[in-house]
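> Give me a 3D structure for the following:
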Amino acid sequence: MRIFSHSVTVGMGFFGFFMFCTNVQAEKLIKEETLSFEKCLSVIETTSKHIVMLPRVTADTSKLKIVEFDLADGILSIRCDRKKHLVRITSK
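Okay, here's the model as predicted:
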């Protein structure tokens with residue numbers, strides 16, 4: 001019985017730590033609006049020039065482009081969706 005109690009305590013401790021790490025990495029919506037795909041790509045270019053950094057491209061198709069900028073305080077992500085005519089800017 002004592003071994004089971006210790007296992008539950010360790011398991012709950014690990015679960016709590018996992019939940020803490022998950023919450024720290026939560027995505028925060030900065031802006032989302034309707035925008036043409038071409039203008040959205042321009043947002044990526046302008047942002048890159050403003051922060052003087054090339055983005056890391058995580059998706060690049062004719063209908064979707066997602067880039068990430070590694071900043072000192074987190075990651076800035078810009079998602080351009082041609083089908084939905086949407087730009088979504090988030091940080092984590």
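> On the C-terminal side of the helix or strand of the chain with the lowest mean pLDDT, identify the next helix or strand.
For the chain, counting by mean pLDDT, DSSP states H and E, helix 2-24 ranks last in confidence among helices and strands (a mean of 41). Counting by DSSP states H and E, the element after helix 2-24 in chain order, helix or strand, is strand 28-34.
> In contact with the nearest residue to Thr34 once chain neighbours are set aside: list those residues for me.
Spatial nearest neighbour of Thr34, chain neighbours left out: His85 (5.2 Å); criterion: Cβ to Cβ, 6 or more residues apart in numbering. In short, each C-beta sits where N, CA and C put it, glycine included. For His85, the contacting residues are Thr34, Leu35, Ser36, Phe37, by Cβ atoms under 8 Å, 6 or more residues apart in numbering.
> Backbone dihedrals for the second one, both of them.
Put plainly, it is Leu35. Dihedral angles of Leu35 (phi, psi; degrees, to the nearest 10) stand at phi -160, psi 140.
> In space, what's closest to it - neighbours in sequence excluded?
Among residues not flanking Leu35 along the chain, Val87 sits closest, at 4.4 Å (Cβ to Cβ, 6+ apart).
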